[in-house]
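Novice: build me a model from this:
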Amino acid sequence: MASTYLIQALTTTCFVHDNLNDLSTRITSPNSPNICAWLPTLRALPPKNVDSVLTRAYSAITKACTNAKAKGTPTSIFQLRIYALKCLIQASPGTVRPDSFWDQLIRFVASFSKTCTDAKQQESGATLVLRAFEDIVQLAEVRPDAGEFLDGPKFMSFCDVWISFAKRVCASSLSEFRADIPRRVGMFLPWIGLEA
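Specialist: Coordinates of the predicted model:
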């Protein structure tokens, strides 16, 4: 009963919401009574029922993101898509093919990356992507079929994308650190008896 209510409420919410920013806040907030928050309770149901809830949640959320009337920031859309994937990855083994899953994640990231045009957006976007990757991989690692799920050509492609985003964040952080060196060194010069 609870699973039916949850998926109907989510589907309806996704269908009637044109403001994806608000929808993202409602669905992805850690304090939200969302599908993932209810998942420990839903696990008492037969796996087939839980898988149905998770796959329907994925479908409802991703359809909302592609609704032509819906408006939202690229960040909100990305967060919704990642949440949808977090639902999908928690389904039973065999519900989703690993290569399809990793390919979809790469596509969502590519779509989001195209919207990050200036340096500040690219840096904050890369940080958001890395956080999402970490969350997704943590969920994949606890799957019963983790060895198979975290393998294959699309997973390797995902790893390449992950590395490229990590390099972006590290390069950005390193350049900020380098730019700040004169100020940092200047702070300590009076302490060691030298003038700045």
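Novice: for residue 30, which three-state class applies?
Specialist: Secondary structure assignment for residue 30 (DSSP: H, G, I helix; E, B strand; the rest coil): coil.
Novice: could you list the low-pLDDT ranges of this protein?
Specialist: By pLDDT under 70, the weakly predicted segments of the chain are 1-3, 5, 169-196.
Novice: domain-wise, how is it divided?
Specialist: The chain breaks down into these domains under automatic domain parsing: 1-95, 97-196.
Novice: so which of those is the most surrounded?
Specialist: Counting by mean count of other C-beta atoms under 10 Å, domain 1-95 has the highest mean neighbour count of those, with a mean of 17. The C-beta positions use only the backbone N, C-alpha and C, and glycine is treated the same way.
Novice: mind checking how far that domain is from the chain centre?
Specialist: Centroid displacement of domain 1-95 relative to its chain, using C-alpha atoms, centre = their mean, to the nearest Å, is 13 Å.
Novice: cool, and stretch 80-97?
Specialist: For stretch 80-97 - counting by C-alpha atoms, centre = their mean - the centre lies 12 Å from the chain centre.
Novice: same deal with stretch 157-166?
Specialist: 14 Å.
Novice: contacts for that stretch?
Specialist: 102-103, 105-106, 109, 126, 129-130, 133 (C-beta atoms under 8 Å, 6 or more residues apart in numbering).
Novice: repeat the analysis, applying 6 Å as the threshold.
Specialist: 102, 106, 126, 129-130, 133 (C-beta atoms under 6 Å, 6 or more residues apart in numbering).
Novice: also stretch 130-145?
Specialist: Contacts for stretch 130-145 (C-beta under 6 Å, 6+ apart): 82, 89, 93, 149-150, 162, 165.
Novice: same question, stretch 104-115
Specialist: With C-beta under 6 Å, 6+ apart, stretch 104-115 has contacts from 74, 78, 81, 85, 129, 158, 161.
Novice: for the strand or helix carrying residue 49, packing partners?
Specialist: Per DSSP states H and E, residue 49 falls inside helix 47-66. Packed against helix 47-66 by the contact rule (3 or more C-beta pairs under 6 Å, 6 or more residues apart in numbering; DSSP states H and E) you find helix 2-16, helix 74-89.
Novice: would you list those in JSON lines and tack on distance to residue 45?
Specialist: Converted to JSON lines, the helices and strands packed on helix 47-66 look like this (distance: least, C-beta to C-beta, whole Å):
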{"stretch": "helix 2-16", "distance to residue 45": "6"}
{"stretch": "helix 74-89", "distance to residue 45": "15"}
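Novice: the ones you listed: which one's closest to residue 27?
Specialist: Closest to residue 27 of the helices and strands packed on helix 47-66, according to C-beta to C-beta: helix 74-89, at 5.8 Å.
Novice: not counting that closest one itself, show me its contacts.
Specialist: For helix 74-89, using C-beta under 6 Å, 6+ apart, the contacting residues are 20-21, 24, 27-28, 35, 54, 57-58, 61-62, 65, 96, 105, 108, 112, 115, 132, 139-140.
Novice: let's go with 8 Å and repeat that
Specialist: Under C-beta under 8 Å, 6+ apart, the answer for helix 74-89 is 20-21, 23-25, 27-28, 34-36, 54-55, 57-58, 61-62, 64-65, 72, 95-96, 101, 104-105, 108-109, 111-112, 115-116, 125, 128-129, 132, 135-136, 139-140, 143.
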